[in-house]
Structures are given as structure tokens and as C-alpha cells.
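Participant: Fold the stuff below for me.
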Amino acid sequence: MTDPALRDEPPAPALAPAPAALAPAPLPEDTPAGHAPADVAPARHTSADVAPAGDRPSDVPPVGPDTAPLGRGLLLLMAVATGLSCAGNYFAQPLLDLIRSELNVSTAVAGLVVTAGQAGYALGLLALIPLGDVLDRRRLAVTLFSATAGFLALTALATSGALLLAGTVLTALTSVGAQVVVAHAAALATPADRGRVVATVMSGLLLGGLLARTAAGGLAELGGWQTVYWVNAVLMAGMAALLHRHLPRLRPTAALGYPALLRSTFTLLRQERLLRWRTAVGACSMASYSVQLTAVTFVLAGPGYAWSEATIGLFGLVGVVGVLTMKLAGRLGDTGSVHQVTGVALVLLVAAWLTLLPGAGSLGWLVVGIVALNVAQQAVLNSSQTILYALRPEARNRINSAFMTGYFVGGAAGSALASVVWVHAGWRGACTLGATLAAASTLLWLAERLGPRAPKLPSGA
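Facilitator: Next up is the predicted model:
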């Protein structure tokens with residue numbers, strides 16, 4: 001008999017009601033032989049690196065549609081887990097001056113803390129996320145959350161710039177456990193609910209990033225810059241225990257050694273045209289969004305507004321509105337309108353920059369533009385993930401690794417470009433840059449949909 005706790009990803013039961021408890025209802029044991037899963041796109045390529053069915057372990061049947069009905073409790077737990085995991089990467093941003101003075105390091109070293117976090121997260125996306133296809137995802141998530149708790153404590157104990165940078169890199173590296181939880185949620189969702197489920201869990205992740213800066217500032221006033229790291233370390237340890245208790249287990253979906261696993265991530269990017277297109281769209285849209293994150297800080301700190309760092313941090317909560325609309329985008333995608341959601345969102349992304357243009361002298365226009373930009377960006381992200389998670393269910397984590405790495409690189413490039421453009425052209429130049437990147441993302445989407453070899457939308461997306 002198969003261990004009932006170690007599930008495959010079998011066909012979805014017809015409209016099974018979601019239980020109120022955290023753990024999902026029991027699932028059928030296996031996908032019936034000879035039945036092609038409804039939401040798996042027909043195989044178009046073969047590769048030694050992307051393990052075909054014959055190369056999977058003998059006790060792992062072909063991957064079927066993803067089925068475990070998710071209770072609200074489990075979905076909420078996963079959303080909170082991703083938010084806590086992501087938050088640790090943003091604590092340092094409002095505390096850099098305080099950290100610099102207390103650790104007696106230079107401004108340059110303090111500034112490297114943000115760069116170290118970005119580098120650690122990028123490495124985690126490439127090196128750790130693909131493991132979700134060959135390991136038990138519950139065990140991987142629990143391990144990464146536990147490690148993050150330990151590294152947060154290491155950061156809090158730092159007495160020098162070197163220890164602080166080491167703790168920051170390691171914390172960011174393992175914080176990609178949030179992405180493992182997102183992919184796990186997509187695997188547990190039925191195809192009809194996948195957009196809503198992914199949107200809910202991703203909303204937790206994005207809210208964690210938005211609220212982290214505010215929490216860091218408030219806790220630093222109570223007990224120093226270390227306080228927020230200690231609090232998050234305790235919460236992450238508790239979350240690891242909760243995930244171990246309540247997160248369902250699913251069988252690994254690939255049988256590859258680690259070097260082959262990493263190669264297969266790039267193989268998938270080469271083979272899957274839809275993955276390439278959506279990664280390019282996501283990278284450009286995130287670059288556009290990141291221009292706003294950088295330029296708005298400059299304009300609010302400048303002579304027109306002259307706001308304090310604390311007030312600027314609170315203003316960032318305007319972005320919560322965009323996160324809250326992400327679930328609506330997910331529901332619209334579940335109705336079969338996922339490409340239309342992307343198109344409308346990209347048009348809104350361009351329009352948002354036109355609204356932001358007078359924002360340097362008008363708080364009202366600035367707020368409207370930022371809300372529109374957040375709504376648009378979250379809709380682009382959710383619709384892209386909904387499509388890609390249906391592309392190859394047996395390689396979800398590797399697909400997520402490729403997509404999110406491109407997305408992250410786009411964001412870093414947007415921030416860097418915004419800083420350069422601001423020096424030479426100020427707010428107007430930043431708005432022009434943001435609008436240009438948004439327009440580029442829109443043109444890429446149009447090329448994806450209207451080109452002579454436009455990739456077909458996978459079944460179940």
C-alpha cells in the first residue's frame with residue numbers, strides 16, 4: 001500500500017467541496033493507466049535533462065492534474081508563510097543608517113546589505129527552487145523555513161559588517177522557500193481554481209514585502225535594529241512547525257541528479273516558447289514597476305515633498321491596494337480570460353505612467369498612478385504564473401525558477417536604470433523610462449499572441 005500521506009497528483013474529483021480543516025481531503029491513489037491528464041499540455045519536446053516518463057522513479061506514476069481541494073485554513077497558512085519568508089529581505093532598507101552607526105561601518109558597506117540580499121535571493125531562485133521537483137516539497141519547505149529562522153538569528157547577532165552581510169546573504173538564499181510554497185499551492189489546486197489559489201498565496205508574499213519596512217521601523221524604535229530580526233526568526237521557526245504539521249506531501253515529479261536538474265531548468269527555457277515569452281514580459285513589466293519604487297523615494301525625499309524616511313515608508317502601503325486586487329485577477333484568469341487579463345493589465349501599466357507624470361507636484365495624481373501601477377503589475381504576474389504552472393506540471397519548480405529569475409533580474413535592472421536616469425533627467429525622465437519599459441512589455445505580449453508561431457495556451461490554464 002502507498003503511504004496515504006505521500007500523494008501523487010491524480011485526476012481531480014468532480015467538484016469536491018473544500019473542507020474547513022487545514023489538511024485537504026484524501027485523494028485517489030493513482031492516475032488511471034492510459035488516461036492523459038486534462039490540464040497537461042501535450043509533450044512537444046524531449047530532452048535527457050527534462051526527465052521523460054520512463055526516467056522517473058518506478059514508484060512515481062505520470063503526473064496527473066492537480067487536485068487536492070484546499071481548505072481556507074490551509075490556504076491562509078500558506079499565504080502567511082510566504083509573507084513571513086519574504087519579509088526578511090526588506091527589513092534592512094529603512095534601517096541602514098541605524099545599522100551603519102551601531103556597527104560602525106561605512107555608508108558603502110551598509111548599502112551593500114541591500115545588494116547582498118538581492119544576490120542571495122537570485123542564487124536561491126537558481127540553485128534551490130528546482131529541488132522542489134525531485135524532493136518532497138513539504139520537507140524542502142520546512143527545511144528552508146527552519147534555515148531562514150536560524151540565519152535571521154545570525155543576522156541579529158551580527159557585531160560587524162562582515163557578519164551582517166553573511167547573515168543577509170544566507171537569509172535571502174533560503175527565503176526562496178516562499179516560492180516552494182507557491183508552487184506547492186499550485187499543485188494542490190484544481191485547474192479551475194489555480195489562478196485564485198496562486199493569487200491568494202502570492203498576495204501573502206507581496207504583502208510581506210510591503211509591510212516589512214513598516215514593521216522594521218516600528219520595532220527598531222522599541223528595541224533597536226536587531227528586534228525585527230529576532231521577532232521574524234521566532235515566527236519563521238513557528239511557521240516551519242506549522243507547515244510540517246499541516247502541509248500535505250506530494251510525490252517528487254522528476255528523477256534527476258542535481259547537475260542535470262540545474263541544466264534542465266535552462267533546457268525548459270530553451271524548449272518552451274511560452275516560458276520564454278512570459279519571462280520576457282515579466283522581466284520588462286517588473287523593470288517598469290521597479291523604476292517607480294526607486295524614483296518615488298527620490299521625489300518624496302526631494303524639495304517638493306521633503307518627507308522623512310518613516311513617512312515615505314508608510315506611503316509605501318498605498319501599494320497594498322494593488323495586492324488586494326490580485327485575487328480578482330486570479331478569478332478572471334480561472335474563467336478562461338487569462339490572456340485578456342494580461343493584455344488589459346499591460347495597457348493599464350502604460351497608462352499608469354501617464355498618470356504619474358504630474359505626480360511630482362500633486363499627491364493625488366501620485367497616489368492614483370501608484371495604485372494603478374500596482375494593480376497592473378500584480379495582474380501581469382498572476383496571469384503569467386497561472387499560465388506557466390499549467391505548462392508542465394512535472395517541472396513546476398524549474399519553470400518557476402526560470403520565470404522568477406528573469407522577473408527578479410528585470411526588477412534589479414529597472415532600479416539601476418532609474419537611479420541613472422534620475423541623475424540626468426529627474427522625475428520626467430523616470431516616467432519616460434517606466435512608460436517605455438511598460439510599452440516594451442506590451443509589445444512582447446502582442447508578439448507572443450499575434451506572431452506566426454504564437455505558443456498555444458496549455459490546457460487547464
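
Participant: which non-adjacent residue is nearest Val105?
Facilitator: Gly161 (3.9 Å; CB to CB, 6 or more residues apart in numbering). All C-beta spots, glycine's among them, are computed from the backbone N, C-alpha and C.

Participant: On the pLDDT front, check that neighbour for me.
Facilitator: On the pLDDT scale, Gly161 is placed at 88.

Participant: what's the spacing between it and Thr168?
Facilitator: Separation of Gly161 from Thr168 (CB to CB, to the nearest Å) stands at 10 Å.

Participant: Please say which of those two ends up with more neighbours.
Facilitator: Neighbour comparison, Gly161 and Thr168: the larger count goes to Thr168, with 29 against 19 (by other CB atoms under 10 Å).

Participant: Please, which helix or strand holds the closest residue to that one other than its chain neighbours?
Facilitator: In space, and not counting its chain neighbours, Thr168 is closest to Ala116: 4.5 Å by CB to CB, 6+ apart. Assigned by DSSP states H and E, Ala116 falls within helix 107-127.

Participant: what separates that helix from the chain centre, distance-wise?
Facilitator: Put simply, helix 107-127 sits 16 Å off its chain's centre (CA atoms, centre = their mean, to the nearest Å).

Participant: cool, stretch 343-362 as well?
Facilitator: 23 Å.

Participant: buried stuff in that stretch?
Facilitator: Neighbour-count burial for stretch 343-362, counted by 16 or more other CB atoms under 10 Å, picks out 343-346, 348-353, 355-357, 359-360.

Participant: among those, which two are most distant?
Facilitator: Across the buried residues of stretch 343-362, the longest distance by CB to CB is 29.5 Å; it joins Gly343 and Ala360.

Participant: and for the helix or strand harbouring Leu152, what are the contacting residues?
Facilitator: Assessed by DSSP H and E, Leu152 sits inside helix 137-156. For helix 137-156, the surrounding residues in contact (CB atoms under 8 Å, 6 or more residues apart in numbering) are 81, 85, 88, 128, 131-132, 163-164, 166-168, 170-171, 173-177, 180-181, 183-184, 187, 226, 229-230, 232-234, 236-237, 239-240, 243-244, 247-250, 397.

Participant: Are any of those buried, and if so which?
Facilitator: 81, 85, 88, 128, 131-132, 164, 166-168, 170-171, 173-177, 180-181, 183-184, 187, 226, 229-230, 232-233, 236-237, 239-240, 243, 247-248, 250, 397.

Participant: Strands - which of these land there?
Facilitator: With DSSP state E as the criterion, strands contain Leu250 from among those.

Participant: Please state the backbone phi and psi of Val105?
Facilitator: Main-chain dihedrals, Val105, degrees, to the nearest 10: phi -110, psi 160.

Participant: which residues touch it?
Facilitator: With CB under 8 Å, 6+ apart, Val105 has these contacts: 99, 160-161, 164.

Participant: if we go to 10 Å?
Facilitator: The contact partners of Val105, taken as CB atoms under 10 Å, 6 or more residues apart in numbering, are 99, 111-113, 160-162, 164-165.

Participant: pLDDT score for it?
Facilitator: 83.

Participant: which residues do Gly161 and Thr168 both contact?
Facilitator: Residues touching both Gly161 and Thr168 (CB under 10 Å, 6+ apart): 112-113.

Participant: What is the neighbour count of Met78?
Facilitator: Neighbour count for Met78, taken as other CB under 10 Å: 27.

Participant: pretty sure it contacts Val182?
Facilitator: Yes. Using CB atoms under 10 Å, Met78 makes contact with Val182 at a distance of 8.0 Å.

Participant: what sits in contact with each of these two?
Facilitator: Common contacts of Met78 and Val182 (CB under 10 Å, 6+ apart): 197, 201, 204-205.

Participant: Among those, which are located in strands?
Facilitator: Among the shared contacts of Met78 and Val182, no member falls in strands (criterion: DSSP E).

Participant: Considering the residues you listed, which possesses the most neighbours?
Facilitator: Val201 (29 neighbours).

Participant: pretty sure that one contacts Val182?
Facilitator: Yes. Val201 lies in contact with Val182 (CB under 10 Å); the separation is 5.2 Å.

Participant: any shared contact partners between these two?
Facilitator: Joint contacts of Val201 and Val182 (CB under 10 Å, 6+ apart) are 78-79, 81-82, 385.

Participant: And the furthest pair within these?
Facilitator: Using CB to CB, those span at most 17.2 Å, a distance reached by Ala81 and Gln385.

Participant: how about the helices in the stretch 1-150 of the chain?
Facilitator: Using DSSP state H, counting those that start in this stretch, the helices of the stretch 1-150 of the chain run over residues 72-87, 96-103, 107-127, 137-156.

Participant: Keeping just the C-alphas, turn the shortest one into CSV.
Facilitator: What follows is helix 96-103, C-alpha atoms only, in CSV (Å, rounded to 0.1, in the frame of the first residue of the first chain):
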residue,chain,number,x,y,z
LEU,A,96,20.5,51.3,7.0
ASP,A,97,21.5,54.5,8.8
LEU,A,98,20.9,53.0,12.2
ILE,A,99,22.8,49.8,11.3
ARG,A,100,25.7,51.9,10.0
SER,A,101,26.0,53.9,13.2
GLU,A,102,25.6,51.0,15.6
LEU,A,103,28.0,48.6,13.8
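
Participant: on that earlier part again, of the contacts of Val105, keep whichever come out buried.
Facilitator: Buried by 16+ other CB under 10 Å: 99, 112-113, 161, 164-165, out of the contacts of Val105.

Participant: ok, so of the residues you listed, who is nearest Leu332?
Facilitator: Of all those, Leu332 sits closest to Val113, with 38.8 Å by CB to CB.

Participant: Sitting in helices, which of the contacts of helix 137-156 do you find?
Facilitator: 81, 85, 163-164, 166-168, 170-171, 173-174, 177, 180-181, 183-184, 187, 226, 229-230, 232-234, 236-237, 239-240, 243-244, 397 (DSSP state H).

Participant: For Ala413, find the nearest of the helices of the stretch 1-150 of the chain.
Facilitator: Ala413 sits nearest to helix 107-127 of all the helices of the stretch 1-150 of the chain, at 11.4 Å, using CB to CB.

Participant: Got the phi and psi for Pro252?
Facilitator: Per-residue torsions, Pro252: phi -60, psi 150 (degrees, to the nearest 10).

Participant: quick one: pLDDT of it?
Facilitator: pLDDT for Pro252: 85.

Participant: Also the one 10 residues further on?
Facilitator: According to the per-residue confidence, Leu262 scores 90 in pLDDT.

Participant: Phi and psi next, for it.
Facilitator: phi -70, psi -40.

Participant: What's the local residue count around it?
Facilitator: Residues within reach of Leu262, counting by other CB under 10 Å, total 18.

Participant: what's the closest non-adjacent residue to it?
Facilitator: Pro130 (6.4 Å).
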